[in-house]
Structures are given as structure tokens and as C-alpha cells.
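Q: Coordinates only, no sequence provided:
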């Protein structure tokens, strides 16, 4: 008797492939153009890259040329998921690469400052967001949504920071080697870990009654990831990269690093802790345990920062619809929430910095950097919209906060950093970071991050 084999899965349709290629090509082209344009005006490239999605999305192109928008970005889930997949690969590799450039020696010495800034930047905006959730106009709260769940969700949305945006901003501004840049990323990691934890709890509250066991389980998963990284993860990463380094050229080392980052991301995603958390932890392990030659990972940096990251940031704006802000009540509410978000993060981070012994300019720089909420807040808003916790109006307001805080962070950061002299330690770290930018033996082109 012949075995009946299942029919193979059909490949992507020709038209869908055409649209996908046009989408990626258009997004990358405009991201490069607007990124360069932003740089000409003294802004990081990520600012221009974020604007591309707004231009091509419902906020402008769908309004100005609905036919073209509907053809190039059809409202088909599968088509958007193709872009999402490319974007997620980009942001995961970007965050992993950022983890590779963390100075763990500095963070160990100044862990109290990182924790103080992170907690300050969490508690104040979280409290203001929860309070605002209880006093916002009832017409902006979806019918059937519990007001406590709504308030908690708004608090979570206002307290998060965006490590991908912060990292790209620091790289574009060549501030990643500065102590403030390192502390900003460390504090942002603390805030994001707490933010994803709270998001999982509030989301569970929206669907079912959350139990103490679920909370403890999420905390246990978070602790388990850290313990695994410090015990099994370190020798595993060291062994893989040591084996890869024996080959000639950077190819095998790049592939090994990408595999490690993707699998680490899959692990934390499976635990409900978000993929970028695993990428960040794995990046730190690669730099500390792997002892990899930075020059061998220079090709990875080039591809991630020049191709994948711009596509991700451009894609992030495609779901933003800022036309809802035309309504006066929505606009006024949006401005109030925006003011709370900015003030809360600045006050919290600044207070945490000052209580940790940092000076006022360091506190201002940390407040500016952590204010960049970017795509992480967009992801949080999309979860709230999908679960019915947020109305379209509140979703749009949160998107407004994400865009404005990402745009305002760079000029304030630059203003504060001009008043901080570079230390000898930072000069050493700057020299080390130059090795990540290119193959010195071949190109001789080196630019500090």
C-alpha cells in the first residue's frame, strides 16, 4: 500500500512577493534618505527612520493617496506579518549588538546608580499614569473595560523605555562609550524587564482574574533566565564562539553570534518575557564570556545598522494613525498625557541620579535618554488595542507620546553631554568601540560609536 504524503505548503504567491519586495525596498530607501536628512539637521538617523512609517502609513499616505496606500500596504495580515518578521530580526540583532558593547565593569561599580535611575524612572511615571487613568474622560475608555485595568495599563505604557531606540540614538550620536550612555542602557534594561513583567500581569487581568501564582511564576522565569545566563549560558557561549573563531574570516563568527542571539530571544519569548530581553542578555554574554574579536563582528554591525534597523524603525510607524488628534478633546487629552509622561520620566530619572551621587548634567542626560519610548511603547499600545483595554483614541495618544519623546530626547541629550567632560575611562572605551565599526586591516575606516 502506498503511503499518502501531505501536499507541500504552497510558496508565497507571486503578487504577495512583489508587494513585499516593493515594501522593503521603499522603506529602506526612504529610511536612508530621511535618516541622512535628520543627520544634516543635527538629529540622530533614527529620528528620520521613525518618521518614514508615519509618512507611508495611515497618518499621511493613506489620507493623501488612498489608492496607492491600499495597493502598496494592503490591509492583509499575512502581508504585514512578512514585514514584521524582517523588522523583528532587525531589532533583535540591534539589541543583541548593543548588549555586546556594554561595559559590565562600569555597571558593577555603579550598579547602585543604575538601579536608582531605573527605579526612579519607573515609579514616578507609573504612578502618574495610573492616576491619569482614573481621571481621563469616560468617553475615551472602551465600554466594558475595568477602570483599574485601564489605569494600570496606562501606567505601564508611560513607565517603559525603548532600548532599541535608546541604543540606536546613542550609536548615531557616538555616545555609547560614555558613562552616561552605559548607565542609560542599564537603567533602560531594568525598566523594560519590569515593564514586560507588568504588561503580562495587566494583560492577564484583562482576560481572566490574575492569581498570585501567575505573578510568582513570571518572577521565577525572570530569575531563571539570569541564573541560566550566569551558569550554563556563559560556558556555552564561550565554547561556541571559541570554536567559530578558529575559522578564517568573520563568516562563521557572525553566524554563531546571530544563532546565539536568535535562540536566546526565542527562549525568553517562550517564557513570556519578550524576545529583546533574551537578545540583550545574550549580547552581554558574547562580550564578557565569548571574548570575541570585535573586528570579526564588524560585518554584522554594518548589516544591522545599515539595513535591518532602518527597516524596523520605518515599519514601526505604519500602524500609527495620527488623524484622530484632529478632535479637540482627544488632542487636549493627548497633550496632558504627553506632559505627564515627559515630566514623570524626567523627574524620576533625575531624582534617582541625584540620590545616587550623579551631578545635575548627568541626571538631565539620563532623563532625556530614558524618555525615548519609541517602538516599545508602540508594542505596548498595540497589545492594549488588541485586548480591548484601549480605545482607538487612547491608542493614538500613546503613539503620540512614543513619537514625541523619541524626537525630543536627542537635542536634550546633546545639550547635557556638552557639559560633561570625557574621562580617561571613556577614552579607553571609545578606542575599544572603534574596533566594532570596521575591519581596520582592510578598510582603515574607523568611527567611534
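A: Received it, and whenever you're ready, just let me know what you need. What you see is a predicted model, and the numbers here were worked out from it, not measured in a lab.
Q: residues in contact with residue 229?
A: Contact criterion Cβ atoms under 8 Å, 6 or more residues apart in numbering gives 281-282, 284-285 as the residues in contact with residue 229. (Glycine included, C-beta is placed from N, CA and C.)
Q: Helices of the stretch 101-250 of the chain, start to end?
A: Secondary structure of the stretch 101-250 of the chain by DSSP state H, counting those that start in this stretch: the helices cover 104-109, 111-135, 147-159, 163-172, 179-207, 212-228, 234-244.
Q: follow-up on the earlier one: identify, from the contacts of residue 229, the entry nearest to residue 175.
A: Residue 175 lies nearest to residue 284 out of the contacts of residue 229, by Cβ to Cβ, at 19.0 Å.
Q: Compute the number of surrounding residues for the residue nearest to that closest one when sequence neighbours are not counted.
A: Sequence neighbours aside, residue 99 is the residue nearest to residue 284 in space, at 4.4 Å (criterion: Cβ to Cβ, 6 or more residues apart in numbering). Per other Cβ atoms under 10 Å, the neighbour tally for residue 99 reads 27.
Q: surely residue 99 meets residue 277?
A: No. Residue 99 lies out of contact with residue 277 (Cβ atoms under 8 Å); the separation is 10.2 Å.
Q: Which of the contacts of residue 229 sits closest to residue 336?
A: Taking Cβ to Cβ as the measure, residue 336 sits nearest to residue 281 out of those, at 36.7 Å.
Q: I'd say the closest one and residue 98 touch.
A: No. Under the criterion of Cβ under 8 Å, residue 281 makes no contact with residue 98, lying 11.4 Å away.
Q: and the nearest residue to residue 388 once chain neighbours are set aside, what is it in contact with?
A: In this structure, residue 388 finds its nearest non-sequential neighbour in residue 142, 5.7 Å apart by Cβ to Cβ, 6+ apart. Taking Cβ under 8 Å, 6+ apart as the definition of contact, the neighbours of residue 142 are 150, 388-391.
Q: Looking at those, spot the one nearest residue 182.
A: Of all the contacts of residue 142, the one with the least separation from residue 182 (Cβ to Cβ) is residue 390, at 34.1 Å.
Q: so that closest one, which of the three states?
A: When the structure is reduced to helix, strand and coil (DSSP: H, G, I helix; E, B strand; the rest coil), residue 390 reads as coil.
Q: How many residues are close by it?
A: Using other Cβ under 10 Å, residue 390 is surrounded by 26 other residues.
Q: that older thread, just the element for the residue nearest to residue 284, please.
A: Using DSSP states H and E, the element containing residue 99 is helix 77-100.
Q: Output the contacting helices and strands for that helix.
A: Applying 3 or more Cβ pairs under 8 Å, 6 or more residues apart in numbering; DSSP states H and E, we find helix 77-100 packed against helix 14-40, helix 163-172, helix 251-270, helix 275-288, helix 298-303, helix 309-316.
Q: At the geometric centre of this protein, which residue do we find?
A: Centre of the chain computed as the mean C-alpha position; nearest residue by Cα atoms, centre = their mean is residue 164, 3.1 Å away.
Q: Give me the nearest residue to that one, chain neighbours excluded.
A: residue 91 (5.0 Å).
Q: The one you found contacts residue 311, correct?
A: No. Judged on Cβ under 8 Å, residue 91 makes no contact with residue 311 at a distance of 9.7 Å.
Q: between these two, which one's more packed in?
A: residue 91 (30 against 23).
Q: and the gap between that one and residue 265?
A: Using Cβ to Cβ, to the nearest Å, one gets 10 Å for the distance from residue 91 to residue 265.
Q: now do residue 162
A: Look at residue 162 and residue 265: by Cβ to Cβ, they are 17 Å apart.
Q: For the protein, which residues score under the pLDDT cut-off?
A: Segments of the chain classed as low confidence (criterion: pLDDT under 70) are 1-4, 103, 106-107, 196, 204, 207-215, 290, 374-375, 432-449.
Q: give me every residue that touches residue 189.
A: The contact partners of residue 189, taken as Cβ under 8 Å, 6+ apart, are 118, 163, 277, 280.
Q: switch to 7 Å and redo it
A: 163, 280 (Cβ atoms under 7 Å, 6 or more residues apart in numbering).
Q: likewise the one 5 residues further on?
A: Shown here is residue 194, whose contacts under the criterion Cβ under 7 Å, 6+ apart are residue 122.
Q: what's the spacing between the residue nearest to residue 145 when sequence neighbours are not counted and residue 272?
A: Here the nearest residue to residue 145 in space, its sequence neighbours aside, is residue 389; by Cβ to Cβ, 6+ apart that works out to 5.8 Å. Distance from residue 389 to residue 272, counting by Cβ to Cβ: 17 Å.
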